[in-house]
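Chemist: Need coordinates for the below:
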Amino acid sequence: MPRPLIAGASEGVRAALSTFIPLALLVLIAWATAGSLSGAMGDALRGSFWVWLGAHHLTFSLALPPSGLPGVLSFLPLGALIFPFIAFRGALNRLHRQFDSTRALNSKQRQGIIGLFLSYTGIMIIASVGSRSMDVHPRWWWAPVIVIALISVAEFTLVVPSGNSSALRDITRISLIVLGGLLGVGALAYSFSLAFHFTVVRALYVVLDAGIIGGILLTVLAILTLPNMAISALSYLLGSGFAVGSGTLVSPGIHRLEQIPAFPLLGAIPSAPHPFLYSGALLGIGAGIFVMTIIKRTSLATLRFGFLILPLVLTALIFAMTWLSNGTLLGGALTTIGPSLWQFPLLFLAELAVGMGVKVAFDKWGFK
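Modeler: Numbering: from 1, shown residues only. Next comes the predicted model:
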């Protein structure tokens with residue numbers, strides 16, 4: 001077997017262990033301090049694998065007790081992806097240093113990445129199949145897609161800063177500025193709502209009664225879920241809103257929600273419509289004005305369709321973030337949680353286009 005392939009495979013094992021061991025320790029500590037007489041060590045280990053797989057956004061098929069009705073768990077904390085991302089970035093960085101010192105070694109470096117992909121994917125599939133139970137079936141077939149996506153993003157962050165494509169660098173920078181700014185505003189709005197509804201959040205903590213260790217782990221889970229909340233808050237501000245169950249909708253003008261799941265972060269959900277917050281659409285319009293202004297100062301202005309590329313890229317990224325941040329929580333009444341997969345991106349694109357049009361008209365009329 002070629003040496004780069006072996007090196008990549010060993011990096012895959014190293015990356016998997018570096019993410020699994022800390023999460024497994026947390027689960028085992030929680031199990032050891034829970035004081036349950038019915039739980040077995042095997043259940044705790046199985047739960048460790050489920051937590052590890054969930055951190056990669058691998059979804060689960062469920063047979064909900066006691067009736068065994070089918071369900072799905074796909075609403076997972078978006079912030080947990082930082083752990084496998086860091087592991088992959090470190091593995092790729094080491095492979096780059098080992099096999100990418102000269103142009104002639106590019107093929108070896110690619111072999112190393114293939115070895116990394118094969119070993120990590122194999123570990124995820126084995127963990128998925130080996131940890132399944134009568135009620136919980138990890139969807140192992142998503143493992144190759146997840147690993148390819150994480151490797152691609154990690155490789156992109158390593159290659160683009162030193163790449164030769166100025167257009168790609170400009171798209172990356174502007175996308176980070178625009179989406180980072182919008183998500184920052186969404187996170188800030190969510191923080192204000194969380195502080196305003198703090199009594200509800202505290203009541204949900206009391207209802208769960210997780211204990212000291214359980215409370216700490218619940219808080220860690222809440223922190224990892226904050227990116228999901230920031231995306232939903234941004235969707236709310238832009239006007240499309242979000243759902244917390246089938247047939248529900250929470251937006252500035254509509255509040256179709258009777259009750260919320262017992263999860264502390266959901267205590268920040270507004271309890272009534274706030275139509276004046278439709279003014280949040282100015283965020284999307286302002287983003288369009290900024291995009292049109294900054295494009296003229298970059299290499300994108302010289303491209304034939306440079307003014308169309310960036311809005312489409314931003315919309316695609318909004319769609320990807322929406323897809324990752326929403327999902328199903330067990331099933332039944334909680335089939336849909338999060339922003340709409342099509343309404344949020346389309347509304348964002350429309351507001352972005354309006355802002356870009358405003359900037360074009362402003363410049364055309366001769367105002368500087």
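Chemist: What pLDDT is listed against Gly331?
Modeler: pLDDT recorded at Gly331 is 64.
Chemist: Now do the helices in the chain.
Modeler: 3-34, 41-55, 82-99, 106-131, 143-159, 166-196, 198-208, 211-238, 281-295, 306-325, 343-364 (DSSP state H).
Chemist: weakest of those helices by average pLDDT?
Modeler: Taking the mean pLDDT of the helices of the chain, helix 198-208 comes last: a mean of 84.
Chemist: mind checking how far that one is from the chain centre?
Modeler: 25 Å (CA atoms, centre = their mean, to the nearest Å).
Chemist: Repeat that for stretch 27-35.
Modeler: That offset, for stretch 27-35, works out to 27 Å (CA atoms, centre = their mean).
Chemist: Would you mark the buried spots in it?
Modeler: Val27, Ala30, Trp31 (16 or more other CB atoms under 10 Å). To be clear about C-beta, it is placed using only N, CA and C from the backbone, and glycine gets the same treatment.
Chemist: what's the answer for stretch 338-354, then?
Modeler: Here stretch 338-354 shows 338-340, 343-345, 347-353 as buried, counting by 16+ other CB under 10 Å.
Chemist: give me the number of residues near the closest residue to His255 other than its chain neighbours?
Modeler: What sits nearest to His255 in space, not counting adjacent residues and going by CB to CB, 6 or more residues apart in numbering, is Pro273, at 4.7 Å. The tally of other residues near Pro273 (other CB atoms under 10 Å) stands at 14.
Chemist: one step back: could the helices of the chain go into JSON lines alongside distance to Ile269?
Modeler: What follows is the helices of the chain, written out as JSON lines (distance: least, CB to CB, whole Å):
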{"stretch": "helix 3-34", "distance to Ile269": "27"}
{"stretch": "helix 41-55", "distance to Ile269": "23"}
{"stretch": "helix 82-99", "distance to Ile269": "25"}
{"stretch": "helix 106-131", "distance to Ile269": "33"}
{"stretch": "helix 143-159", "distance to Ile269": "29"}
{"stretch": "helix 166-196", "distance to Ile269": "8"}
{"stretch": "helix 198-208", "distance to Ile269": "9"}
{"stretch": "helix 211-238", "distance to Ile269": "9"}
{"stretch": "helix 281-295", "distance to Ile269": "20"}
{"stretch": "helix 306-325", "distance to Ile269": "15"}
{"stretch": "helix 343-364", "distance to Ile269": "17"}
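Chemist: right, and these - which one's nearest Gln259?
Modeler: helix 198-208 (11.7 Å; CB to CB).
Chemist: Are there helices or strands packed against the closest one, and which ones?
Modeler: Counting contacts by 3 or more CB pairs under 8 Å, 6 or more residues apart in numbering; DSSP states H and E, helix 198-208 packs against helix 211-238.
Chemist: what do you get if the cut-off is 6 Å, keeping everything else the same?
Modeler: Packed against helix 198-208, as judged by 3 or more CB pairs under 6 Å, 6 or more residues apart in numbering; DSSP states H and E, are no other helices or strands.
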